[in-house]
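Peer 1: What would the 3D arrangement of this be:
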Amino acid sequence: MGDHLIRGRALLLLAAVPLVLGGCAAGSGEDAEAGDDAQVGSVDSETAPEETEPEGGEPPDGASGEDDAADTVPALDVEVVAEGLALPWDVQLLPDGTALVTERGGRLLALEDGQVREVAIDIPDLFVGSESGLMGMALSPEGDTAYLCHATQSGGQPQDVRVTRWTLDDGAAGASADGVVVAGMPITSGRHGGCRLLLEDDTLYVGTGDAADETNPQSLDSLGGKVLAVTPAGEPLADAPFVDGDPRILTYGHRNVQGLAAQPGSGTIWSVEHGSSVDDEVNVLEPGANYGWAPGPGYDESVPMTDTGRFPEAVEAVWSSGERTHATSGAAFLEGEQWGAWDGALAVAELKDSGVGVLRVDGEQVVGEDRMAELEGDYGRLRSLTLDEDGALWVTTSNGEGDVVLRVTPAPDAR
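Peer 2: Purely as a prediction, here's the structure:
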């Protein structure tokens, strides 16, 4: 995998987490009505927020403006590009600028010239329930192939979660099935189904959930609670195996991987993990590493997300929310000088806190934390983040009905 994954890394846990007023009841993470799991017993303790740079585009007194633009947190413009959707799970951009959106219920939509149209697609035996259905998506650089992650059923019962490949027609009018890439990711009720996809330099990364089964995260024969790395055809990578088990497993010991992002410059893969009542996590992925999630008998969620007591070799998170969980979901690295101080930062969507956190990074360390004030609470639960070729951030909401897709850009006067 060459430069894509850097094995050396440093630890910085941020203890102070800003308090945000979300649109959900205290203690709830993902709720059944919206198709998500409940973070039972989660503690919404208030902690002192970290000091951050002032928001807005005006340079401080005596600053040159242009010279200090890189130190300025940008004001943001938020555009609603689609509305009236039902649990849009992912959004990705085709080379011509058309946005494709998956809905948990099974629809694939195209957003083009201000219009929303349905892409003709037939997913047989789709299972929709709890957090599972049609979920993550990745597109080939040429824009002619889509990879979709979805749950299946057999005899009316959940069967597995799988990644399938689809050939898009000209103009993305429809898509035809072109084989199964990965099958056999576990499913129970549909809870903790994953499933985030990232296609980076001919490697397809698949973030999976543990299916709320206590045995899956540490089992190297199960694809649950893992990050997988395969070729676009679904084969193990040339330098696999990374673990003494299924050669498609890149990392293990995860709870429910909801975000994957490649860091600009290094290609290092970062994951965002929707946590238990203990914390949410952001991790830097090291091939073969254990990230330490192992719920006790009966799926006890009070144990540490990274249990170094039981697993001394477990890799600590580079960011942890602490007990005041945010229900973290999708992620994307911001890129471009228009983002000012956030150029190169990791944006993380939040379901419970109904916002976007921005983690400033230095190499593989998190060195600061901000928030996108313009998105705080106004749009409800936020699910997916994707950066387009122009550096704009696309966002999907996850409220159950009346959902929208947003396009977020730094305001011109903040550049």
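
Peer 1: Please tell me the pLDDT value assigned to the most centrally placed residue in the chain.
Peer 2: In the chain, the residue lying closest to the centroid (C-alpha atoms, centre = their mean) is residue 259, at 1.9 Å. In this prediction, residue 259 carries a pLDDT score of 97.

Peer 1: How is residue 339 classified with respect to secondary structure?
Peer 2: Using DSSP: H, G, I helix; E, B strand; the rest coil as the criterion, the local structure at residue 339 reads helix.

Peer 1: So it sits against residue 410, correct?
Peer 2: Yes: if you go by C-beta atoms under 8 Å, residue 339 and residue 410 touch, sitting 5.8 Å apart. The way it works is simple: take the backbone N, C-alpha and C, and place the C-beta from them, glycine included.

Peer 1: Now the common contact residues for the two.
Peer 2: Shared between the contact lists of residue 339 and residue 410 (criterion: C-beta atoms under 8 Å, 6 or more residues apart in numbering) are residues residue 74.

Peer 1: related to what we said a few turns ago, show me what contacts the residue nearest to the centre of the chain?
Peer 2: If you count contacts by C-beta under 8 Å, 6+ apart, residue 259 has them with 196, 207, 270-272, 328-331, 348-349, 385.

Peer 1: Just those: which are in strands?
Peer 2: Counting by DSSP state E, these place 196, 207, 270-272, 328-331, 348-349, 385 in strands.

Peer 1: Going by distance to residue 160, which of those wins?
Peer 2: Using C-beta to C-beta, the shortest approach to residue 160 within those belongs to residue 207, at 15.8 Å.

Peer 1: Find the nearest non-adjacent residue to that closest one, please.
Peer 2: Take residue 207 and drop its neighbours on the chain: the residue closest to it by C-beta to C-beta, 6 or more residues apart in numbering is residue 257, 3.0 Å away.

Peer 1: Give me the three-state assignment for that neighbour.
Peer 2: Taking three-state DSSP as the rule, one finds residue 257 in the strand state.

Peer 1: Okay, it and residue 75: tell me how far apart.
Peer 2: Computed with C-beta to C-beta, to the nearest Å, the distance linking residue 257 and residue 75 is 32 Å.

Peer 1: Who has more neighbours out of these two?
Peer 2: residue 257 (30 against 18; other C-beta atoms under 10 Å).

Peer 1: my guess is the more buried one contacts residue 227, does it?
Peer 2: Yes: taking contacts as C-beta under 8 Å, residue 257 lies within contact range of residue 227: 6.0 Å.

Peer 1: for the stretch 51-200 of the chain, which spans come out with low pLDDT?
Peer 2: Applying pLDDT under 70 to the predicted model, the residue ranges of the stretch 51-200 of the chain that meet it are 51-70.

Peer 1: For it, just list every one of the strands.
Peer 2: With strands called from DSSP state E, counting those that start in this stretch, the stretch 51-200 of the chain shows them at 76-85, 88-93, 99-103, 108-112, 115-119, 134-139, 145-154, 157-168, 175-185, 196-200.

Peer 1: Is it possible to get TSV of the ones you listed that adds mean neighbour count and distance to residue 321?
Peer 2: Converted to TSV, the strands of the stretch 51-200 of the chain look like this (neighbours: other C-beta atoms under 10 Å; distance: least, C-beta to C-beta, whole Å):
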stretch	mean neighbour count	distance to residue 321
strand 76-85	15	23
strand 88-93	24	22
strand 99-103	24	26
strand 108-112	20	32
strand 115-119	14	34
strand 134-139	25	22
strand 145-154	22	25
strand 157-168	20	26
strand 175-185	17	26
strand 196-200	22	18
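
Peer 1: ok, back up a step: need the ones in strands among the contacts of residue 259 in TSV with distance to residue 162, can you?
Peer 2: As requested, those are exported to TSV (distance: C-beta to C-beta, whole Å):
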residue	distance to residue 162
196	14
207	14
270	24
271	20
272	22
328	24
329	21
330	20
331	23
348	26
349	24
385	24
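
Peer 1: May I ask which of those has the most neighbours?
Peer 2: Neighbours were tallied for each of the ones in strands among the contacts of residue 259 (criterion: other C-beta under 10 Å), and the maximum of 31 neighbours falls on residue 349.

Peer 1: Mutual contacts of residue 257 and residue 227, please.
Peer 2: By C-beta under 8 Å, 6+ apart, residue 257 and residue 227 have these common neighbours: 207-208, 271.

Peer 1: now the strands: where do they sit in the stretch 301-415 of the chain?
Peer 2: If you assign secondary structure with DSSP E, counting those that start in this stretch, the strands in the stretch 301-415 of the chain sit at 319-320, 328-333, 346-350, 355-362, 365-371, 382-387, 393-397, 403-410.

Peer 1: Pick the most deeply packed of those.
Peer 2: Each of those was assessed for mean neighbour count using mean count of other C-beta atoms under 10 Å. The highest is strand 346-350, with a mean of 27.

Peer 1: Make sure residue 383 is actually in contact with residue 88.
Peer 2: Yes: checked against C-beta under 8 Å, the pair residue 383 and residue 88 is within contact range at 7.0 Å.

Peer 1: and for these two, which residues touch both?
Peer 2: Contact with both residue 383 and residue 88 is made by residues 396-398, according to C-beta under 8 Å, 6+ apart.

Peer 1: just the residues you listed now: which is nearest residue 373?
Peer 2: Proximity of these to residue 373 was ranked by C-beta to C-beta; the top entry is residue 397 with 17.1 Å.

Peer 1: residues touching the closest one, list them.
Peer 2: The contact partners of residue 397, taken as C-beta under 8 Å, 6+ apart, are 88, 379-383, 403-406.

Peer 1: swap in residue 408?
Peer 2: Residue 408 makes contact with 76-79, 372, 374-375, 392-395, according to C-beta under 8 Å, 6+ apart.

Peer 1: same thing with residue 184?
Peer 2: 160, 162, 223.

Peer 1: Please identify the buried residues of the helix or strand where residue 250 lies?
Peer 2: Applying DSSP states H and E as the criterion places residue 250 in strand 249-252. Neighbour counts using 16 or more other C-beta atoms under 10 Å place 249-252 of strand 249-252 among the buried residues.

Peer 1: mind checking how far stretch 226-237 is from the chain centre?
Peer 2: For stretch 226-237, the distance between its averaged C-alpha position and the chain's averaged C-alpha position is 18 Å (C-alpha atoms, centre = their mean, to the nearest Å).
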